[in-house]
Structure formats: C-alpha cells, structure tokens
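[1] I need the structure of the sequence given here:
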Amino acid sequence: MGTITQREIIDYVEKNIIQFHNKRLEKLEQLQLNNVVKKKNPYLFKAKNINTAQDYVKNILDAFLSSQEEGIFGLFLEELAIFICSKVYNGMRSSFEGISHLLPEFFRRDAMLRVSVSRLALA
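    Predicted structure coming up:
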C-alpha cells in the first residue's frame with residue numbers, strides 16, 4: 001500500500017479546482033433564460049412573494065447554478081477519489097462497461113475493489 005500526504009491532496013485540489021470553476025462558467029454561458037423560465041412554475045414564485053422581475057430572474061439563476069454546481073462538483077470529487085486511490089492503492093478509473101469510468105478501482109489481496117463516491121445532501 002502506498003501513501004499520500006495532505007500536501008499532495010492540497011496541491012491536487014489547488015491545481016484542479018479551476019476546472020470546476022471553468023465548467024460552472026461554461027454552463028452559465030450556455031444558459032438560455034427562456035428555456036429555464038419555461039421549466040419553472042410561476043405560482044411558486046408568487047407564493048414565495050417574489051414580485052419583481054429582478055428577484056424572479058435572480059431566483060431562477062440561483063436555482064439553476066445550484067443544481068449545475070452539485071453535478072460538476074460531484075465529478076470533481078470523483079476525480080479526487082481516483083487520484084487518492086491511485087496514490088494509495090495503485091488504483092485507476094473503472095474499466096468495466098456500464099460502470100461509471102469516473103469511479104476508482106484497485107486490487108487488494110487478490111480481489112478487485114471498486115470505490116463508490118456518494119453525494120450526500122447536508123441538511
């Protein structure tokens with residue numbers, strides 16, 4: 001079994017977190033407000049006492065970005081898990097069909113193990 005230092009993890013995050021921000025910006029640049037507005041229930045905004053166009057658009061954009069960020073950040077965490085697994089267990093991306101290629105797998109004591117990265121909602 002290999003080892004990994006906290007410094008190596010920090011260096012990886014500092015080097016790769018820019019991808020998270022770039023993808024976030026890319027999603028925002030691709031956003032078509034008309035498409036997002038069509039998916040929203042206007043009565044919900046009325047019930048939430050959102051009465052101005054500015055508040056309406058801000059609320060829609062906040063919700064859109066939040067949902068996009070969760071997925072993008074989840075992918076970042078999966079890449080981080082692969083990095084750590086590669087350092088500690090000489091692991092790699094899953095090579096099996098039908099399994100996310102962003103999940104790490106490694107061999108240990110003659111058994112192939114696959115790591116699952118779970119995205120838990122914090123309340």
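
[2] What ranges does the chain have for its helices?
    For the chain, applying DSSP state H gives helices covering 6-30, 33-38, 42-47, 53-89.

[3] deepest of those helices, which one?
    Using mean count of other Cβ atoms under 10 Å, the stretch among these with the greatest mean number of neighbours is helix 53-89 (a mean of 15). The way it works is simple: take the backbone N, C-alpha and C, and place the C-beta from them, glycine included.

[4] That one: how far from the chain's middle?
    In this view, helix 53-89 has its centroid 3 Å away from the chain centroid, taken as Cα atoms, centre = their mean, to the nearest Å.

[5] Now it: average pLDDT?
    Average pLDDT, helix 53-89: 86.

[6] orientation of that helix relative to helix 6-30 in degrees?
    With axes from the mean of the first three to the mean of the last three Cα atoms, to 10 degrees applied, the angle from helix 53-89 to helix 6-30 works out at 150 degrees.

[7] What helices and strands are in contact with helix 53-89?
    Identification of packing neighbours for helix 53-89 by 3 or more Cβ pairs under 8 Å, 6 or more residues apart in numbering; DSSP states H and E yields helix 6-30, helix 33-38, strand 92-93, strand 104-108.

[8] Distance to residue 48 for those - can I get that in a markdown table?
    Listed next are the helices and strands packed on helix 53-89 as a markdown table, based on distance: least, Cβ to Cβ, whole Å:
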| stretch | distance to residue 48 |
| --- | --- |
| helix 6-30 | 23 |
| helix 33-38 | 15 |
| strand 92-93 | 42 |
| strand 104-108 | 41 |
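
[9] Of these, which is nearest residue 80?
    Residue 80 sits nearest to helix 6-30 of all these, at 6.7 Å, using Cβ to Cβ.
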